[in-house]
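How does the following fold in three dimensions:
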Amino acid sequence: MTKNVPVEAVDALVIGAGPAGLMAAEELGRAGVQAVIVDAMPSPARKFLMAGKSGLNLTKNEDMDVFFSQFSPCPPALKTALDAFGPAEVSAWAEALGQPVFTGSTGRVFPKAMKASPLLRAWLARLGGFGVVLRRRWNLVEFNHGIAVFDTPDGERRIRAKATVLALGGASWARLGSNGAWTASVPPERLAPFEPANSALSLTWSPHMERHFGSAVKGVSLCCGPYRSRGEFVISKRGLEGGGIYSVSRGVREGHELYVDLLPDMPLDVVKSTLKRRKAKETVANFLRKFLRLTPEKIALVMEFARPLPADLAPVLKGLKTTGATLRPIDEAISTAGGLRFDGLSETLELADMQCVFACGEMLDWEAPTGGYLLTACLATGRRAGRAASDVVRASRDE
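Model (predicted):
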């Protein structure tokens, strides 16, 4: 640190301007607390905006027991946050920002605009109305003894806050701001190592698969250990990707084999009886196409993973083992597992060894699939941390 740099005093400091940090700042501003939010990037919520390019999935409208089951495990502090700000509250929040929402056939909730940018603009305007100050390109260098030190375009800056909320993100999509660099300053015992979550899979293909790159594989069921999915996926030059794969990628990370049921709506005995109708002169590929209605990409996957073909092909079609699949690098994953352990946090997400410092969002050790769960948990923990931080500031005024 540079000597003789003055220390700016503020009521509340939020470090990180993703969804969790912005929600914490909103709660602080709503409570009348002077809040400063800083971010290392030139603009806020970059990962949020990227997610919104393909349709911003805000949350999931479903039975709450089913909703909570997607967070495995779901620590008490996380459940408390989600109880207070779950799918219904997320939808109402977006509506209050002038962004009407709708629920799709699978229960996923989207803004009718299908983009993140209109919602973000309204959100930032709300924060400005609350008096929240956003500072860009402020990179956290050090945080000790209640003083946060930043490298900024104007040189070193220091801030001391009555309450601080950390919303430093996970460790994927570093170019959008989440690089996990903050973990270097945290004792290892307080961290669960970051690992890829909701990840695509890498595979080395044989040459015959090249013509199927970019093809979507639909009408399948995937199984990887205890994880199941009926989502589709895409065959790419580098492997397999898409919602169906992301949902079961945790199983690959845990060491389970991935199996694909190519005919999930056809019982095994029906598949067996159908296969018996194949004539000796008829090729397997042609029979699968004509009588079992397998698409070219499904047949290609059978030829890729099941050769030499067994005499009884039915079990293969009902559970094609995709050997050799590995997770893509962590920076390419949609989200990450790992982060600050909940056993080092209070129910209000305050760090046990740092009084008046709270944490939220993807920097916490929780994991969930895509489908609105990730954003809901970021918003809920940001809200929880922001409310707790505002309580600290208001209590200090009464002293």
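
So for this protein, the centremost residue is which one?
S335 (3.9 Å; Cα atoms, centre = their mean).

how close does that residue sit to E367?
Counting by Cβ to Cβ, to the nearest Å, the separation of S335 from E367 is 8 Å. (Each C-beta comes from the backbone N, C-alpha and C, glycine too.)

Show me where this protein dips below the pLDDT cut-off.
For the chain, residues meeting the criterion pLDDT under 70 lie at 1-2, 399.

mind redoing it with 50?
Within the chain, no stretch has pLDDT under 50.

Scan it for its longest strand.
strand 155-166 (DSSP state E).

Correct me if wrong: R46 contacts A174.
No. Counting by Cβ atoms under 8 Å, A174 is not a contact partner of R46; they are 10.9 Å apart.

Have a look at the two and say which one is more surrounded.
Legend: neighbour count by other Cβ atoms under 10 Å for R46 and A174, higher for R46 (18 against 13).

Next up, phi/psi of the spatially closest residue to that one that is not a sequence neighbour, please.
Among residues not flanking R46 along the chain, L176 sits closest, at 4.1 Å (Cβ to Cβ, 6 or more residues apart in numbering). With angles defined as degrees, to the nearest 10, L176 sits at phi -100, psi 0.

And for A148?
Per degrees, to the nearest 10, the backbone of A148 is at phi -100, psi 130.

Specify the local secondary structure of L56.
The three-state label given to L56 by DSSP: H, G, I helix; E, B strand; the rest coil is coil.

picking up where we left off before, for the longest strand of the chain, which helices and strands make contact with it?
Secondary-structure packing of strand 155-166 (3 or more Cβ pairs under 8 Å, 6 or more residues apart in numbering; DSSP states H and E): strand 7-15, helix 19-30, strand 147-152, strand 357-359, helix 373-398.

Point out the most buried one among those.
Compared across these, helix 19-30 shows the largest average neighbour count, a mean of 28 (mean count of other Cβ atoms under 10 Å).

That one: what's the following helix or strand?
Moving toward the C-terminus from helix 19-30, the next helix or strand (DSSP states H and E) is strand 35-39.

circling back: report the beta-bridge partners for the residue nearest to the centre of the chain.
S335 has these beta-bridge partners by DSSP bridges: A197.

Contact partners for it?
G170, S172, A197, N198, E362, E367, A368, T370, L374 (Cβ atoms under 8 Å, 6 or more residues apart in numbering).

Which one (most neighbours) among these?
Counting neighbours by other Cβ under 10 Å, the top entry in the contacts of S335 is E362, with 31 neighbours.

Y227 and P6: what is the separation?
From Y227 to P6 the distance is 53 Å (Cβ to Cβ).

Which one's more surrounded, those two?
Each of Y227 and P6 has its neighbours counted (other Cβ under 10 Å); Y227 has more, 18 against 7.

check contacts around the more buried one.
Contacts of Y227 were listed using Cβ under 8 Å, 6+ apart, and they are S247, V248, R250, G251, H256.

of the residues you listed, closest to P75?
Checking those against P75 by Cβ to Cβ gives R250 as the nearest, at 17.1 Å.

hang on, the closest one in a helix?
Yes. According to three-state DSSP, R250 belongs to a helix.

now it, nearest residue through space, not along the chain?
Nearest non-adjacent residue to R250 (Cβ to Cβ, 6+ apart): Y227, at 5.8 Å.

For the one you found, list each beta-bridge partner.
Beta-bridge pairing of Y227 under DSSP bridges involves C224.

any idea how far P369 is from it?
Y227 is 9 Å from P369, by Cβ to Cβ.

Could you report the distance from L317 to R289?
L317 is 13 Å from R289, where distance means Cβ to Cβ.

neighbour count winner among those two?
Neighbour totals were compared for L317 and R289, and L317 leads with 23 against 15 (other Cβ under 10 Å).

Point me to the helix or strand that includes the more buried one.
L317 is part of helix 314-318, with elements assigned from DSSP H and E.

Which SSE is immediately downstream of that helix?
Per DSSP H and E, helix 314-318 leads on to strand 320-321 as the next helix or strand towards the C-terminus.

what are the pairing partners of that next one, and which direction each?
Applying DSSP bridges, one finds strand 320-321 paired with strand 258-261 (antiparallel).

Extract the C-alpha trace of the helix or strand following the partner strand and format it as CSV.
Sequence-wise, the next helix or strand downstream of strand 258-261 (DSSP H and E) is helix 268-275. In CSV, the C-alpha atoms belonging to helix 268-275 read as follows (Å, rounded to 0.1, in the frame of the first residue of the first chain):
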residue,chain,number,x,y,z
LEU,A,268,-37.0,-51.7,-23.1
ASP,A,269,-39.2,-54.7,-24.1
VAL,A,270,-40.8,-52.8,-27.0
VAL,A,271,-37.3,-51.8,-28.2
LYS,A,272,-36.2,-55.4,-28.0
SER,A,273,-39.2,-56.7,-29.9
THR,A,274,-38.8,-54.0,-32.6
LEU,A,275,-35.1,-54.9,-33.1
